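1. Quick one: sequence plus predicted model below, questions after.
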Amino acid sequence: MYVTFRWFGPSDPIPLAHIRQIPGVQGVVSALYDVPVGDAWPRARLERLGADIDAAGLKLAVVESIPVHEDIKLGRPSRDRLIANYCASVRAMGELGIAVLCYNFMPVFDWLRTDLAMPLPDGSTALAYDDRALARMDLSRGTGDLPGWAAAYGAGELQALLAAYRDVDAERLWDHLAHFLERVVPVAEESGVRMAIHPDDPPWPIFGLPRIICRGPDLDRLVRLVDRPANGVTFCTGSLGALPDNDLPAMARRLGEMGRIHFAHCRNVRVTGERQFHETPHPSACGGVDLGEVLRALRDTGFSGPMRPDHGRMIWGERGRPGYGLYDRALGATYLQGLWEGLRGGGGA
Ligand code: DNO
């Protein structure tokens, strides 16, 4: 396991120098955040990002993410030109030796919560989701106020996108994902890049939009869609863990045996009702995910890829990007390494 930490580039309030001080963290997960979605990433800019990270004594190990343009997910005629741009970005990654690409195929929204600062009994705050609160959300003014990770869409643009998706049900979305992967995976393979799809978060349809990467069978279907080693997954315990019937250690073992886990996101969640959960500190005792068993499955199946501690709470008065403060994620990084070290029978990361 190669321990990494997400960094949002020079605008991230957390400096690389602080990330460097978290024991065991060697890699950085980052992206070019200002390239318009659909454009090819300029290789020189990616190279500069890598050089800045190198200068801090770390390594750019994962790109998370190159966003997939909505026209690709909608299967519009412009998709092939956009996919060609995507392939150019993947080639640039390969040339620079960045071996893992985390991406998602969620229509319109990326991860979404209904509360970005739910107070926990210990005085910290965490991200939370409740489907009943989602039903009350107003999309008529665009995505501006939504507590999540949506690309910003104005009211008109968002309504047009939602309307376009009325013709795209889950099976159509699978077809569009297959069309995308059939073209991108061979390029990734040639370039030495492993594709790692991120599960949908939350793992169920929202706002009437289909979401297809939610459960074990979906991950199996994904890897078979283009049955090549470069076509794999980001095993995100928090996203998948929001569905109680997902048996995470079994899923990790199965995909790990197939050699298709290319990246791991470790976080914990507590499910508190039907389509209702909140995030918790990383240790297994704090939430519903048995991280020890997930890591055991990864270790038993020979996982040696990058892992990052995912969302943390806000603790010790820290203010920052929801889910992405320094302190709780750093605690997560050391906890996860402790678990891993125990599984190895001691000695080193
Ligand atoms: C949430 C993240 C996701 C992830 C994308 C990958 O915190 O894990 O936003 O980066 O879904 O494309």
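-> Happy to help now that I have it.
2. Pretty sure Gly292 sits in a helix.
-> Yes - counting by DSSP: H, G, I helix; E, B strand; the rest coil, Gly292 is found in a helix.
3. Show the pLDDT at it.
-> pLDDT for Gly292: 97.
4. same deal with Gly148?
-> 61.
5. Alongside the ligand, which residues does the chain contribute?
-> 64-65, 102-104, 110-111, 149, 198, 265, 311, 323 (CB under 6 Å from any ligand atom). Yep, even glycine has a C-beta here, placed from its N, CA and C like the rest.
6. Of the residues you listed, which one scores lowest on pLDDT?
-> For those, the pLDDT minimum is Trp149, 61.
7. mind listing which of the residues of the chain next to the ligand are in helices?
-> Counting by DSSP state H, the residues of the chain next to the ligand place none of their members in helices.
8. Which of those residues sits closest to Ala135?
-> Ala135 has its nearest neighbour among these in Trp111, at 18.0 Å by CB to CB.
9. How about that closest one, nearest residue that isn't a chain neighbour?
-> Spatial nearest neighbour of Trp111, excluding adjacent residues (CB to CB, 6 or more residues apart in numbering): Asp201 at 4.1 Å.
10. Can you give me the neighbour number for that neighbour?
-> Asp201 has 28 neighbours, counted by other CB atoms under 10 Å.
11. Could I have the ChimeraX command that selects the buried members from the residues of the chain next to the ligand?
-> The ChimeraX command for the buried members of those (criterion: 16 or more other CB atoms under 10 Å) is given here:
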select :64,65,102,103,104,111,149,198,265,311,323
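12. Distance to Thr125 added to the residues of the chain next to the ligand, as JSON lines?
-> Formatted as JSON lines, the residues of the chain next to the ligand follow (distance: CB to CB, whole Å):
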{"residue": "Glu64", "distance to Thr125": "24"}
{"residue": "Ser65", "distance to Thr125": "25"}
{"residue": "Cys102", "distance to Thr125": "26"}
{"residue": "Tyr103", "distance to Thr125": "29"}
{"residue": "Asn104", "distance to Thr125": "25"}
{"residue": "Asp110", "distance to Thr125": "21"}
{"residue": "Trp111", "distance to Thr125": "17"}
{"residue": "Trp149", "distance to Thr125": "17"}
{"residue": "His198", "distance to Thr125": "24"}
{"residue": "His265", "distance to Thr125": "20"}
{"residue": "His311", "distance to Thr125": "12"}
{"residue": "Gly323", "distance to Thr125": "10"}
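13. Arg91: which of the residues of the chain next to the ligand is nearest?
-> Relative to Arg91, the closest of these is Tyr103; by CB to CB it sits at 15.2 Å.
14. Quick check: the closest residue in space to that closest one that isn't next to it in sequence vs Ile315, distance?
-> The shortest distance from Tyr103 to any residue other than its chain neighbours is 4.6 Å, reached at Ser65 (CB to CB, 6+ apart). From Ser65 over to Ile315 the distance is 27 Å, taken as CB to CB, to the nearest Å.
15. all strands of this protein, in order?
-> Applying DSSP state E to the chain gives strands spanning 2-6, 27-30, 59-64, 100-103, 115-119, 125-130, 194-197, 231-236, 261-266, 268-273, 276-280, 306-309.
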